[in-house]
Every structure is written in C-alpha cells, then in structure tokens.
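A.B. asks: Only the shape, not the letters, is given here:
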C-alpha cells in the first residue's frame, strides 16, 4: 500500500494535536497548564487558555507583547513566525495546526458543499492588520496596555478551546457571561457552520496566522514544484485541490496549505512536495 | 522568481529571524508571553 | 512506483512511539506544572513571606472553621505596611478586588474603582489583592503595580498575595475577581468575575439595604 500524503498528513496532524494539547487531565478541574513551556509558541493556532494546551498561541503571544506596557513590537514572536514561515510556509496550516484538523474533520459532515468567492480570501489580511497588528498597539488604556483585539472579539479557537471548557467547569465564570460572549459564540457557530459548507472556511477567510504564513509560500523551504516536462496538463491536480488552487499555474499560492492532494493525484508524478530543491525529489 | 533570489531571500529571512529571536528573548519578551499564557485570559475566552 | 512495506511499518512505529510519549509527557507535566492561574502567580519565591507554619495553620483552619471564612493572613501592602485579616473588622463590608499587572481589564477598571472608593459610604472599603508579585525580590511587578495605582489615582490598600491566600486563590479562575467580606471576616454572596464595577456597586447597595 502506498503511503499517500493524505495518510502521512493525517498522522502528523494527529501527532501535532497530541503534542500541542497534551495536558488532558486539566479538562476535569478546568485548570490550565502553567509551566515554563508556555513561553514557547505553537506553530499553529491553539488557544493558550485551552486546559490541555502546553504551549502559547503565536497570535495571542504577538498581541500580548505588542499590547504590553513594556513593549510595542515583539521581536521574539515575529522572529518565530519568520522562522516557521520560511521553513514551512503554509504547510504549518496543512500539517501542524490543530484548528485546521478540526475544520477538516467537521467538513466531512454531509452537507451541500460550497465554493468560496475569491473576495473573501482577502478578509484575513484585514483581520491580521487591524485586529492583530494595529489595535493592540493603538487601542491602549492610560497605562499603555492594549487589547488583544483578535483574541477578544473574533477568535473562535479561543471560544471553543478555552471558553467552552472553562465555562463548563467554573460556575462563577458562567455568571460573568455578557454581550461579548454572545458575539464570540455567534462567530464560533458561524465558523463551524461555514467549515461544514466550505473546506477550511476559517483558514481561508479569517485566520491571521494563515495570512502570515501564506505570504511566505513563495520563499518557504518546504514547497511545491511542478515539473513542466512531466506535466501533461490533465488538470487533475486542480480538480482535487480543496483550497481551490491551481498548482500548475500558482504553485506558490498563498492559499496552498501543502496538503499534497495534488501530488497524490498527479498521474505522472510531476507535482512534488518537499524540502529539497532538486527537481523530481519529494518527501517520501 | 529566480532561484538565486529565492536562496538569498531565505538566507536573509533566516538570519533576520535568528537575530529577532535572540534579541526578543534577551529583552524578556518570553516572560511576557509566559505571564499571559499561564493566567487565564478572560478576554480570550469571551468574558472581557 | 516501487511498493515498499517498510514505510508502513516505519510510520506505524513512529506513531506508536510519538503519540503515547506526547501524552505521557503531557500528563507528567500536568501533575507538576498545572495549577489555577492564581496559584501560578504564587510560585516558589512567594513561599518565603508565607512561611510553612502559617500555610499549615491555614489548611487546618480552613477545614475547622466555616467554609466561607476568609483565611487568616499576614501580608504586606504596596506601601510596605504589614496587614492582617483584622483589616476586615474595620468596616461593615470590604470589597476585595483581586487583580494582576498582566490583566488588561483589571487595569482598565482601576480608575473607576479608585473613584468609587472615595465616594462609597464610610462603613465600606475597597482592598486590592495583587496576585502576580512573586515575593520580595519581584521589584519589577511591584513597581509596575505601584505605577498602575498611581496613574489610576487609587488610594486604597493593595495587598501583595502570598501563600496565606492560597485557599482562596485556588478557586479564583481568572482576574479580576471581586469578593465581598463582612466585618467578621466571612465571605458574603458570590464572587463577581470580570470587570464589572456596576455589579460590585449593586451588590454593595443590596447588602447594605438588607442589613
């Protein structure tokens, strides 16, 4: 049996989920992990208020440092994002992000499946610039502390992974539910419905982390190549791509999560995914 | 994009990321991240 | 393409090793590294000011006395004065606002709290409890807390949390959390979680009217 990218990827996604959310016992008491590992960030999106989370969320960390009283720009988190982006680009989304795995799983729920209008793809850049970058630095109080605007107003991963489990475990948190939670719950529900209808809807429309990594797809060391000599122009790669990317036309598309479905589908082995820059070599 | 440009871009990017990482850690940013991550951020979970 | 059996075994082996390893590592870490956020703020350096004796005393006290009694404590405030639980006996009702220097909403409500403290009836007081100052050597957070109180214009006492407060703080999930304590040192009503000065005011009014 050939090990397809589909199998390898699912396995690695599950392992990544386990590694980033290993503290399962915390669900019972509604506590969170408080050890030193949490100064390091996950490559993918995983709320650090999730009871099981063992590391910090890079977007949360970015907002925390940028919005802190002591700093207005995080070299540490930016450096980390630069490194992940250059090494893997959006392969993080496809292979390591727990929230991405969740979206893929709920997309399997039978329903009519929709295409996404291209315009929506740009919303995540607006979310990135306004909520992750500008607001934590600009919307500061008298002490110079800024709001983690994406976490606070938008992020459905936080509502799901942190909010729901912590609210379930603590009565006095439930008493504190207000309009803000209503907004976040609505966003979560819409996101989940969207992901049932559209493959990885959150990744494509809202995720600021995906927006960042997508920009690195042109330069990332783990990348996609299409050997023009082997390509017969059958279009199977484009048909099978659930992110609606044409690998032949735009192998470095900012929407490509390096899932390898195109490489699996290619009848001539023209599409290759991997770290090596040599033509024809791939991760196998 | 030419492959030479790509290699230069990657090298420059990796060097920058290392410099940023080291400087950021030196400044104590990891402590701020840790502090935020180990205290339940009520804002993040939707309770303001 | 050549069919190989080895990759299957290789990947299966990898999973059998990595998944349980990750879970084991996580669970091992859980027992040592996981606590409530408030506990985390009181990590080892703070044990100095608590001293093991008072911690033991607190444990037995918590078991013997009424579950709603605020544990006895000896703490320093931001000005360096020593404060004990007798501070509660000074007023009919104490509004204990638990906060941290990392917490945006806590800092956000501080000016309003400071203003309220000056306007509230004479038999009510606000006392702050700061959870992220780790012992006497933590001058960074202490200075930050002082700066916050100065900029917010608050004049009420702010206590630096130590191990004496552990029984209360272990139930504190997030900050700001506000407790209400009567003059006998008993916690009355339910804690209010989240920045909600109007909620605190309403509770105080209802409590005083009910007296």
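C.D. replies: Looks like it came in fine. Everything quoted here is computed from the prediction, not taken from an experiment.
A.B. asks: buried sites along stretch C:199-211?
C.D. replies: Across stretch C:199-211, burial judged by 16 or more other C-beta atoms under 10 Å in any protein chain shown covers C:200, C:203, C:204, C:207. In short, each C-beta sits where N, CA and C put it, glycine included.
A.B. asks: nearest residue to the third one other than its sequence neighbours?
C.D. replies: Okay, so that is residue C:204. residue C:124 (5.9 Å; C-beta to C-beta, 6 or more residues apart in numbering or on different chains).
A.B. asks: what about that neighbour, distance to chain B?
C.D. replies: 25 Å (C-beta to the nearest C-beta, to the nearest Å).
A.B. asks: Give me the phi and psi angles of the nearest residue to residue A:45 once chain neighbours are set aside.
C.D. replies: Computed as C-beta to C-beta, 6+ apart, the closest residue to residue A:45 that is not its neighbour in sequence is residue A:99, at 4.6 Å. Main-chain dihedrals, residue A:99, degrees, to the nearest 10: phi -70, psi -30.
A.B. asks: pLDDT wise, what is residue A:157 at?
C.D. replies: On pLDDT, residue A:157 comes in at 95.
A.B. asks: ok, it - contacts?
C.D. replies: The neighbours of residue A:157, taking C-beta atoms under 8 Å, 6 or more residues apart in numbering or on different chains as the test, are A:45, A:46, A:47, A:57, A:99.
A.B. asks: Farthest pair within those?
C.D. replies: A:57 and A:99 (9.9 Å; C-beta to C-beta).
A.B. asks: and for these two, which residues touch both?
C.D. replies: With C-beta under 8 Å, 6+ apart, residue A:57 and residue A:99 have common neighbours A:45, A:46, A:157.
A.B. asks: In strands, which of those appear?
C.D. replies: Mapping the shared contacts of residue A:57 and residue A:99 onto strands (DSSP state E) picks out no residues; all lie outside.
A.B. asks: returning to that earlier point: and residue A:57 and residue A:99? Which one has more around it.
C.D. replies: Taking other C-beta atoms under 10 Å in any protein chain shown, residue A:57 and residue A:99 do not tie; residue A:57 has more neighbours (34 against 27).
A.B. asks: Identify the residues contacting the residue nearest the centre of chain B.
C.D. replies: In chain B, the residue lying closest to the centroid (C-alpha atoms, centre = their mean) is residue B:21, at 6.5 Å. By C-beta under 8 Å, 6+ apart, residue B:21 lies in contact with A:75, A:76, A:79, A:80, A:83.
A.B. asks: Hmm, residue B:17 and the third one touching each other?
C.D. replies: By that I understand residue A:79. Yes. With contact defined as C-beta atoms under 8 Å, residue A:79 reaches residue B:17; the gap is 4.6 Å.
A.B. asks: what's the longest helix in chain A?
C.D. replies: Longest helix in chain A by number of residues (criterion: DSSP state H): helix A:179-197.
A.B. asks: ok now the next helix or strand along the chain from that helix, how far from the chain's centre?
C.D. replies: Next helix or strand after helix A:179-197 toward the C-terminus (DSSP states H and E): helix A:201-205. Put simply, helix A:201-205 sits 9 Å off its chain's centre (C-alpha atoms, centre = their mean, to the nearest Å).
A.B. asks: and what of stretch A:132-145?
C.D. replies: For stretch A:132-145, the distance to the chain centre is 24 Å (C-alpha atoms, centre = their mean).
A.B. asks: which residues are contacting it?
C.D. replies: In contact with stretch A:132-145 (C-beta under 8 Å, 6+ apart) are residues A:59, A:62-63, A:66-69, A:72-73, A:146-150, A:208, C:104, C:107-108, C:111, C:147-148, C:151-152.
A.B. asks: For the chain, which segments count as strands?
C.D. replies: This is for chain A. A:32-33, A:223-226, A:271-274.
A.B. asks: my bad, the chain I had in mind was chain C
C.D. replies: Remark: strands assigned in chain C by DSSP E are C:34-35, C:74-76, C:82-84, C:93-99, C:124-130, C:158-160, C:177-182, C:187-193.
A.B. asks: Let's have those in JSON lines, adding mean neighbour count and mean pLDDT.
C.D. replies: Formatted as JSON lines, the strands of chain C follow (neighbours: other C-beta atoms under 10 Å in any protein chain shown; pLDDT from 0 to 100):
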{"stretch": "strand C:34-35", "mean neighbour count": "23", "mean pLDDT": "48"}
{"stretch": "strand C:74-76", "mean neighbour count": "17", "mean pLDDT": "94"}
{"stretch": "strand C:82-84", "mean neighbour count": "12", "mean pLDDT": "94"}
{"stretch": "strand C:93-99", "mean neighbour count": "24", "mean pLDDT": "95"}
{"stretch": "strand C:124-130", "mean neighbour count": "23", "mean pLDDT": "96"}
{"stretch": "strand C:158-160", "mean neighbour count": "24", "mean pLDDT": "95"}
{"stretch": "strand C:177-182", "mean neighbour count": "22", "mean pLDDT": "94"}
{"stretch": "strand C:187-193", "mean neighbour count": "18", "mean pLDDT": "92"}
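A.B. asks: Quick check: nearest residue in space to residue A:83, chain neighbours excluded?
C.D. replies: That would be residue B:17: by C-beta to C-beta, 6+ apart, it lies 4.2 Å from residue A:83.
A.B. asks: Can you measure across stretch C:120-134, start residue to end residue?
C.D. replies: End-to-end distance of stretch C:120-134 (C-alpha to C-alpha, to the nearest Å): 31 Å.
A.B. asks: remind me which residues of chain A are low pLDDT?
C.D. replies: Along chain A, the parts satisfying pLDDT under 70 run over A:1, A:277-284.
A.B. asks: domains for it, by residue range?
C.D. replies: Domains of chain A are assigned by automatic domain parsing as A:5-215, A:223-284.
A.B. asks: got the buried residues of stretch C:199-211 as JSON lines, with pLDDT columns?
C.D. replies: Shown next, in JSON lines, are the buried residues of stretch C:199-211 (pLDDT from 0 to 100):
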{"residue": "C:200", "pLDDT": "95"}
{"residue": "C:203", "pLDDT": "95"}
{"residue": "C:204", "pLDDT": "95"}
{"residue": "C:207", "pLDDT": "93"}
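A.B. asks: so of those, which ones are in helices?
C.D. replies: C:200, C:203, C:204, C:207.
A.B. asks: I'd guessed the last one sits against residue C:93; true?
C.D. replies: In other words, residue C:207. Yes. Judged on C-beta under 8 Å, residue C:207 makes contact with residue C:93 at a distance of 5.9 Å.
A.B. asks: In terms of secondary structure, what does the helix or strand bottoming out on mean pLDDT in chain B contact?
C.D. replies: Lowest by mean pLDDT, DSSP states H and E among the helices and strands of chain B is helix B:29-38, with a mean of 91. On a contact count with 3 or more C-beta pairs under 8 Å, 6 or more residues apart in numbering or on different chains; DSSP states H and E, helix B:29-38 meets helix A:58-66, helix A:75-88.
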